[in-house]
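**Student:** Just a sequence and a predicted model for now, questions to come.
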Amino acid sequence: MTSTNEMGLASERVESSTDIDLSDVHCSTICENILWKPVSCQQCETHFCSKCITLWLTKNPNQCPLRCDSFVQRPCSKFIVKQLSKLQIACIYRPNGCNEIVPYEALEKHEMMCGYKLVKCSTCQSEIPEKNLPEHQLQCSSVRTTSENFQITYEPNAPVLLDSDVNYSTEQFQQYRFEVQSEIRKLRQELREAQSSGVTRNLRVMGLSPKTRNEQLSSKNDELNLTKFHSLT
Ligand SMILES: [Zn+2]
Ligand SMILES: [Zn+2]
Ligand SMILES: [Zn+2]
Ligand SMILES: [Zn+2]
């Protein structure tokens, strides 16, 4: 809605009306607001908004709202033009954030150019102040691009585990088993040597006892069996 389409200006929008009687500049008997693009009745010289009197005349052909004999339209009086030109009016887009107070005569031009006029974003269809549109459209299209970039493609026939992966695991397991088995052999050998040559004392000095060695052996075996178990399940 712009002032151009309005019947008249709501008197709350008048910010300054020094030495003006607002009743002089109101649209008599029709919208009762501040006159917008006024015209008058030739006979009674009452002023009405152009829009208001046009609408009135379609319902009441040739009749003055103040019951003159017949309605003959005249241009607005110089006095009314002068009074109106003294008014300072708040922009109609004040609810959208515009804080401009504009002289009556500059109002239409301002409201046509006002950046707080609501426009529709062609992407998301939401209504936003025109001045925020370029910034909004950047975000609006970037949101779309982001979701396109992170789109997950699902291929129902893709194999869950490739044959090469399975071979690699088996190879790793074989390698690990080989390492563990050779370590066990080495430990057994060491233990036998220790027991037969009586160096048990030396092992104790190193913080190792034959018992510890046996424990190490059995834990290694457990580890190996556990790994085998996991590989089978
Ligand atoms: Zn009249
Ligand atoms: Zn009016
Ligand atoms: Zn504005
Ligand atoms: Zn948008």
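**Tutor:** Now that the structure is in, tell me what you want to look at. Since we're looking at a predicted model, the values are computed, not measured. Numbers count the residues shown, from 1 in each chain. Ligands and ions are numbered 1, 2, ... in the order given.
**Student:** From now on I want contacts and neighbour counts done on CA atoms only, so please keep to that.
**Tutor:** Noted.
**Student:** buried ones in stretch 62-80?
**Tutor:** In terms of neighbour count (16 or more other Cα atoms under 10 Å), stretch 62-80 has its buried residues at Gln63, Cys64, Pro65, Phe71, Gln73, Cys76, Ile80.
**Student:** quick one: terminal-to-terminal distance for it?
**Tutor:** Start and end residues of stretch 62-80 are separated by 23 Å (Cα to Cα, to the nearest Å).
**Student:** what's next to that stretch, contact-wise?
**Tutor:** Residues outside stretch 62-80 that contact it (Cα atoms under 8 Å, 6 or more residues apart in numbering) are 24-25, 29-30, 38-44, 47, 56-57.
**Student:** among the residues you listed, which ones are buried?
**Tutor:** Asp24, Val25, Ile30, Pro38, Val39, Ser40, Cys41, Gln42, His47, Trp56.
**Student:** Mind putting the contacts of stretch 62-80 into CSV with distance to Cys98?
**Tutor:** Shown next, in CSV, are those (distance: Cα to Cα, whole Å):
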residue, distance to Cys98
Asp24, 28
Val25, 25
Thr29, 31
Ile30, 29
Pro38, 26
Val39, 30
Ser40, 32
Cys41, 36
Gln42, 39
Gln43, 41
Cys44, 39
His47, 30
Trp56, 33
Leu57, 35
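**Student:** those strands in the chain, which residues are they?
**Tutor:** Along the chain, counting by DSSP state E, strands occupy 14-16, 38-41, 47-49, 73-75, 88-90, 101-103, 118-120, 127-129.
**Student:** Now render those as TSV, adding mean pLDDT.
**Tutor:** Converted to TSV, these look like this (pLDDT from 0 to 100):
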stretch	mean pLDDT
strand 14-16	87
strand 38-41	96
strand 47-49	96
strand 73-75	96
strand 88-90	95
strand 101-103	96
strand 118-120	94
strand 127-129	94
